[in-house]
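J.: this one's sequence-less:
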């Protein structure tokens, strides 16, 4: 692909889990991929595994305005364009009853998930508006669409991301920028395995509750993200696509 015409995608939290699966899928589609992660060394190792050339790593804390401004600036300096932003960076919930949850942990999660999505979207949009085109895909969750006990900050952040997805989509629709989100259910990532090992989630119970009877693979969520970012979804904006094995649709016990 001609490098001058090669599309550029940024994936935050791109060194592991859904973010890494998405970075791989975008690279396989011919994108030049910027893998942004709090752990820059991990991102550097990852880009060596991607198909194609010209990929690069960025170290950034998405809850920091200065980090996000610098992140987009680095991409523009290196590539001169930004076509796709995937807001994937996130952390897990504090696994405690509400009355035991701390304000500090609540604020940290909201800062990374919700403020991080806002900051990255705002800065990316400045470039995309000048280009007259672009696609943003946010990571929502089943926790943002329904009530899951004890997941207060996470659910609030993901619900906020769903609302922000719709508002930004409507604001920028006539400027050539599409904004959508995916809402995964439980995904078989290293984090899920760690939570299960620590007794924070019950995987057999989750599998029974999920109509498809299993957790998602990260690649399955990544393919939905790549679709929403692609020209195949050219008339889709403001959508929150459930990728949850039927979790949200099911009303069964």
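T.: Okay, I see it. Keep in mind it's a predicted model, so treat the numbers as computed, not measured.
J.: centroid-nearest residue for this protein?
T.: residue 88 (2.1 Å; Cα atoms, centre = their mean).
J.: surely residue 25 is in contact with residue 220?
T.: No: counting by Cβ atoms under 8 Å, residue 25 sits too far from residue 220 to count as a contact (10.4 Å). Every C-beta, even on glycine, is put in place using the N, C-alpha and C of the backbone.
J.: neighbour count for these two, which is higher?
T.: residue 25 (24 against 16; other Cβ atoms under 10 Å).
J.: give the next helix or strand downstream of the helix or strand harbouring that one.
T.: If you go by DSSP states H and E, residue 25 is part of helix 17-28. Next helix or strand after helix 17-28 toward the C-terminus (DSSP H and E): strand 32-37.
J.: how far away from the center of its chain is that following strand?
T.: Counting by Cα atoms, centre = their mean, to the nearest Å, strand 32-37 is centred 12 Å from the centre of its parent chain.
J.: who does the helix or strand just after it touch, helix- and strand-wise?
T.: Using DSSP H and E, the helix or strand that follows strand 32-37 in sequence is helix 40-47. Under the contact criterion of 3 or more Cβ pairs under 8 Å, 6 or more residues apart in numbering; DSSP states H and E, helix 40-47 touches strand 32-37, strand 56-59.
J.: of those, which is nearest residue 247?
T.: The closest of these to residue 247 is strand 32-37. By Cβ to Cβ, the value is 27.7 Å.
J.: helices or strands up against that closest one?
T.: So strand 32-37, by 3+ Cβ pairs under 8 Å, 6+ apart, packs with strand 8-12, helix 17-28, helix 40-47, strand 56-59, helix 65-79.
J.: in CSV, list those along with mean pLDDT and distance to residue 166.
T.: CSV is the format used below for those (pLDDT from 0 to 100; distance: least, Cβ to Cβ, whole Å):
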stretch, mean pLDDT, distance to residue 166
strand 8-12, 98, 20
helix 17-28, 97, 21
helix 40-47, 96, 30
strand 56-59, 97, 28
helix 65-79, 97, 22
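J.: of the ones you listed, flag the one that's most buried.
T.: The highest average neighbour count among the helices and strands packed on strand 32-37, using mean count of other Cβ atoms under 10 Å, belongs to strand 8-12 at a mean of 28.
J.: which other residues reach that strand?
T.: For strand 8-12, the surrounding residues in contact (Cβ atoms under 8 Å, 6 or more residues apart in numbering) are 19, 22-23, 26, 31-37, 58, 60, 62, 71-72, 75, 79, 81-89, 116, 120, 124, 229.
J.: stretch 104-122 now?
T.: Contacts for stretch 104-122 (Cβ under 8 Å, 6+ apart): 10, 12, 61-63, 65, 68, 71-72, 85, 87, 89-91, 93-94, 136, 138, 152-154, 156-158, 160-161, 164, 168, 179.
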